[in-house]
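> just the structure for this:
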Amino acid sequence: MTISRKTKSDTKLKPDKFILFFAIFMSIFGAIMIYDASVFKASSIFNDQFYFLKFQLLWIAIGIVPTILIYYWDYRKILKLSLPLLIGIIVLLVLVLFLGEEINGSRRWFAIGPLPTIQPAEFAKLFIIIYLASWLSKQDYRYEKISSLLQSQFVKNLLGFVFILGIVAILIVLEPDLGTAMIICMTSFAMFLMAGEDKLHTFGSLAVLLMFLPVAVLAGILEPYRLERIKTFLNLIITGEVTDPKGSGYQIQQILIGIGSGSLFGKGFGQSRQRFGYLVENTAFTDSIYAVILEELGLVGGAVIIVAWILFLWRGLKIALNAPDKQGQLLAAGITVWLVLQALINMAANVGLIPLTGIPSPFLTYGGSNTIVTLFGIGILLNISKYSQKTDAR
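The predicted structure is shown next:
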């Protein structure tokens, strides 16, 4: 799988309208659903039903201003900052392990007085994409014969890629946050695969995947709670029943109850029962908000969201294919794959297709860092779309 080089001169165009309206719609819809799913918690804990909504709107507002600036700033200038951004995020990932606020045994967040917490790992998703787009575009992945694939050139490129990615992934796993590390590794692999220009590179890229698989499996089974999630999932797939519904299987049991009661068209907006403290902690408006959406809007509402993300994937990859240079192609493809992967994994976990991961959904999940970095990514994607070459589809 490759992304071809473009040699024609840049043609400055208007931004991709679908991506723009998609981001606007999903931000508004996400804020509405976050309010709906958080009313019970906000009222019972803070005596303010709008408590979480106000913070979500604040984060959207904080994210919009730099996103607009990013949109008007040529993406090639952003790529020139790729190394400082990578070094900066690595430093933050190291510091958060020692100075970060500990929540439920994890150190992932910086708490700065009354300000919302910042999660460096969320920003690492975008910054590693920016760095890899710059770095991979400078490498030569064309091989005349298989011997050159197996010799020094590919080894140098492969080891360089694994070294860069490994530093970031290991620091995030130590927090621990396997879900975010998994998203970063999968997105990076997709970029590495698309950076090549012949079949030999595609074949050789499988070596990268084979290196990641044992590490992912090992990380998944070493932590007891992860192993329990995997066992619960496997039993659900094999027997159709949830084991230990009052223990390790409690969350997926409540999710399935909500989804089942939503049926085809849902109970209606504001009618979810699972948001009233049945879902674990605050997951009704964070990691499990898609389950609440399915309960209230039914299979039809959930399907609309899936279709919207599929269309986003199509438009994002089209922007990548039409970008005027290889680094723009890789940057647009990386951002598109990252956001779609994260959304689909979140939705899959919320319908029992994969084990629960704790991966947030772009736009829909309550959270400052996730919201802000998602908007940053959209800003860059819209920026690249302005310079994409004119096609008949436009």
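
> so what touches the helix or strand hosting residue 88?
Taking DSSP states H and E as the criterion, residue 88 maps to helix 82-99. Applying C-beta atoms under 8 Å, 6 or more residues apart in numbering, the contact partners of helix 82-99 are 107-110, 120-121, 123-124, 127-128, 130-131, 133-135, 164, 167-168, 171-172, 174-175. Placement of C-beta: from N, CA and C, glycine included.

> packing partners for whichever helix or strand comes after it?
Sequence-wise, the next helix or strand downstream of helix 82-99 (DSSP H and E) is strand 101-103. Packed against strand 101-103, as judged by 3 or more C-beta pairs under 8 Å, 6 or more residues apart in numbering; DSSP states H and E, are the following elements: strand 106-109.

> okay, and residue 196 sits in which element?
Using DSSP H and E, no helix or strand contains residue 196.

> gap between it and residue 190?
Plainly put, residue 196 is 12 Å away from residue 190 if you go by C-beta to C-beta, to the nearest Å.

> which residues in the stretch 251-394 of the chain form helices?
Along the stretch 251-394 of the chain, the segments classed as helices by DSSP state H, counting those that start in this stretch run 289-322, 326-349, 368-387.

> return the distance of the shortest one from the chain's centre.
Okay, so that is helix 368-387. Averaging C-alpha positions (C-alpha atoms, centre = their mean, to the nearest Å) puts helix 368-387 12 Å from its chain's average.

> with the longest one instead?
Chain-centre distance of helix 289-322: 14 Å, with C-alpha atoms, centre = their mean.

> mind listing what's buried in that helix?
289-298, 301-302, 305, 308-309, 312-313, 315-322 (16 or more other C-beta atoms under 10 Å).

> can you tell me the centre-most residue of this protein?
residue 342 (3.5 Å; C-alpha atoms, centre = their mean).

> can you tell me which residues contact that one?
125, 183, 359-362.

> export those residues to TSV and tack on distance to residue 99 and neighbour count?
Formatted as TSV, the contacts of residue 342 follow (distance: C-beta to C-beta, whole Å; neighbours: other C-beta atoms under 10 Å):
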residue	distance to residue 99	neighbour count
125	21	28
183	24	25
359	25	24
360	23	26
361	28	28
362	28	25
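
> distance to residue 75 for the helices of the stretch 251-394 of the chain - can I get that in a markdown table?
Below are those laid out as a markdown table (distance: least, C-beta to C-beta, whole Å):
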| stretch | distance to residue 75 |
| --- | --- |
| helix 289-322 | 11 |
| helix 326-349 | 6 |
| helix 368-387 | 5 |
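
> would you turn those into TSV with mean pLDDT and distance to residue 28?
Compiled in TSV, these are given as follows (pLDDT from 0 to 100; distance: least, C-beta to C-beta, whole Å):
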stretch	mean pLDDT	distance to residue 28
helix 289-322	96	13
helix 326-349	96	17
helix 368-387	95	13
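
> output the helix or strand containing residue 181 as CSV - backbone C-alpha positions only.
In this assignment (DSSP H and E), residue 181 forms part of helix 178-194. This file holds the C-alpha atoms of helix 178-194, laid out as CSV (Å, rounded to 0.1, in the frame of the first residue of the first chain):
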residue,chain,number,x,y,z
LEU,A,178,-2.2,0.7,27.1
GLY,A,179,-5.1,1.9,25.1
THR,A,180,-3.4,5.2,24.1
ALA,A,181,-0.2,3.3,23.4
MET,A,182,-2.1,0.9,21.2
ILE,A,183,-3.7,3.8,19.2
ILE,A,184,-0.3,5.4,18.6
CYS,A,185,1.3,2.1,17.5
MET,A,186,-1.5,1.2,15.1
THR,A,187,-1.5,4.7,13.6
SER,A,188,2.3,4.8,13.3
PHE,A,189,2.3,1.4,11.6
ALA,A,190,-0.3,2.6,9.1
MET,A,191,1.9,5.6,8.3
PHE,A,192,5.0,3.4,8.0
LEU,A,193,3.1,1.1,5.6
MET,A,194,1.9,4.0,3.4
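
> who are the packing partners of it?
helix 120-137, helix 152-173, helix 199-222, helix 326-349.

> of the contacts of residue 342, which pair is most distant in space?
Across the contacts of residue 342, the longest distance by C-beta to C-beta is 13.5 Å; it joins 125 and 361.

> more neighbours: which of residue 196 and residue 190?
The neighbour count for residue 196 versus residue 190, taken as other C-beta atoms under 10 Å, is higher for residue 196 (23 against 19).

> thinking again about what came up before, between the contacts of residue 342, which is closest to residue 33?
residue 361 (10.1 Å).

> in the chain, which helix or strand is least confident?
The least trusted helix or strand in the chain, going by mean pLDDT, DSSP states H and E, turns out to be helix 146-150, with a mean of 56.
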